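> Next come a sequence and a model predicted from it.
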Amino acid sequence: MRPKGAAVLALLAAAGCGQAAEGASVAVPPTAAPPAAASPSPSRPSVPSPTASPLLGRPGGWRITTYYTAVQSFYKGRAEAVRGCPRPRCSNGRDPLGSYPEDFLKVVRMEGSGRLTSGPNRGRYLNWATGVGFWLDETTRDSRGLPLRPWESAAVDRSVLARGQRFLITGCGRDGNGRPTPAGACARFRQARWTVTDVFRPGHGGEGRADLYIGEETGPGFAGSSPFYTTLRGATLAPA
């Protein structure tokens, strides 16, 4: 289970996820292929040496978390009035934006966005960011204002990757409780091709940091039941 209050939500601005730290990223160059072997003797044919697989950062040195978009209909808490901006590109607004379940609003503040399913704003998104507050929008967004793409958009340690770079997860490591990542969940993460849409400061404890957008929640209690809302500790990344 990913620990509550994960830092990414304070870092991704336009997904409702705070201000992403800017700065150039440095990509680790691919490992060079071994030099070509000398011409083999006729009596001892040589076996070609395999090319080493390039990696990003330290093998097993990544901590990966995930985030999602909440869906209003899955929450039944007491209604709470919200004020903010009725449109994007506005901050700290005071316009009334409607009333929504308080447990839904708690998740929106943590994950950065929620799709509205009832009321006059049905079909729109209630987004949130530190320093910006709530605002209504037509989609979820990254810090450049572009729509987030499920199983593709990622925020990554800027000391390893820059915006626009693509990567794969080649090793899932263990979950937040130290158990091996379930095979089915790991397979799904490995199948995806991720693109860096946001960057933030390098992680602590020698680990790189990545936060992956997995789309909308699929039912009540999603955070406690989905194998994809998780932490991958000791993960390994490679260029896509």
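That came through fine. Computed from a predicted model, the values in this text were never measured in an experiment.

> Going by C-alpha atoms from here, please, whenever you check contacts or count neighbours.
OK.

> can you tell me the helix or strand for the residue lying closest to residue 113 once chain neighbours are set aside?
Of all residues not flanking residue 113 in the chain, residue 127 sits nearest, at 4.2 Å (C-alpha to C-alpha, 6 or more residues apart in numbering). Under the criterion of DSSP states H and E, residue 127 resides in strand 125-129.

> And the next helix or strand past that strand?
strand 133-137.

> Rounded mean pLDDT for that next one, please.
Mean per-residue pLDDT for strand 133-137: 97.

> What's the first helix or strand after it?
Where DSSP H and E defines the elements, the next helix or strand beyond strand 133-137 is strand 153-157.

> Can you pull the phi/psi pair for the residue most central in space within the chain?
Centroid-nearest residue in the chain, with C-alpha atoms, centre = their mean: residue 212, separated by 1.8 Å. Torsion angles at residue 212 (phi, psi; degrees, to the nearest 10) stand at phi -110, psi 140.

> quick one: it and residue 155 touch, right?
Yes. Between residue 212 and residue 155 there is a contact under C-alpha atoms under 8 Å: 6.5 Å.

> Under the pLDDT cut-off, which ranges of the protein? List them.
Residues of the chain meeting the criterion pLDDT under 70: 1-53, 203-206.

> Let's see that with 90 instead.
Within the chain, the stretches with pLDDT under 90 are 1-55, 57-58, 89, 143-145, 157-160, 176-177, 199-207.

> who does the strand holding residue 127 touch, helix- and strand-wise?
strand 17-18, helix 102-111, strand 113-115, strand 133-137 (3 or more C-alpha pairs under 8 Å, 6 or more residues apart in numbering; DSSP states H and E).

> domains of the protein?
7-21+55-68+146-239, 70-137 (automatic domain parsing).

> so where do the strands sit in this protein?
With DSSP state E as the criterion, the chain has strands at 11-12, 17-18, 62-71, 79-85, 95-101, 113-115, 125-129, 133-137, 153-157, 166-171, 194-200, 208-216, 231-239.

> measure the residue nearest to the centre of the chain to residue 153 for me?
6 Å (C-alpha to C-alpha, to the nearest Å).

> Hmm, residue 236 and residue 58 touching each other?
Yes. Between residue 58 and residue 236 there is a contact under C-alpha under 8 Å: 7.4 Å.

> So between those two, which is more surrounded?
Legend: neighbour count by other C-alpha atoms under 10 Å for residue 58 and residue 236, higher for residue 236 (23 against 16).

> Can you give me the distance of that one to residue 63?
9 Å.

> what does residue 136 give?
32 Å.

> Kindly report the same for residue 82.
According to C-alpha to C-alpha, residue 82 stands 34 Å off from residue 63.

> Please work out how many residues are found near residue 167.
20.

> List the beta-bridge partners for it.
Going by DSSP bridges, residue 167 is paired in beta bridges with residue 194, residue 239.

> Test my guess that it contacts residue 210.
No. Residue 167 lies out of contact with residue 210 (C-alpha under 8 Å); the separation is 10.9 Å.

> re the thing from before, wait, what's in contact with the residue nearest to the centre of the chain?
64, 65, 66, 67, 151, 152, 153, 154, 155 (C-alpha atoms under 8 Å, 6 or more residues apart in numbering).

> So what's the residue count around the nearest residue to the fifth one once chain neighbours are set aside?
Ranked by C-alpha to C-alpha, 6+ apart and with sequence neighbours excluded, the top spatial neighbour of residue 151 is residue 214, at 5.0 Å. The burial metric for residue 214, expressed as a neighbour count using other C-alpha under 10 Å, is 20.
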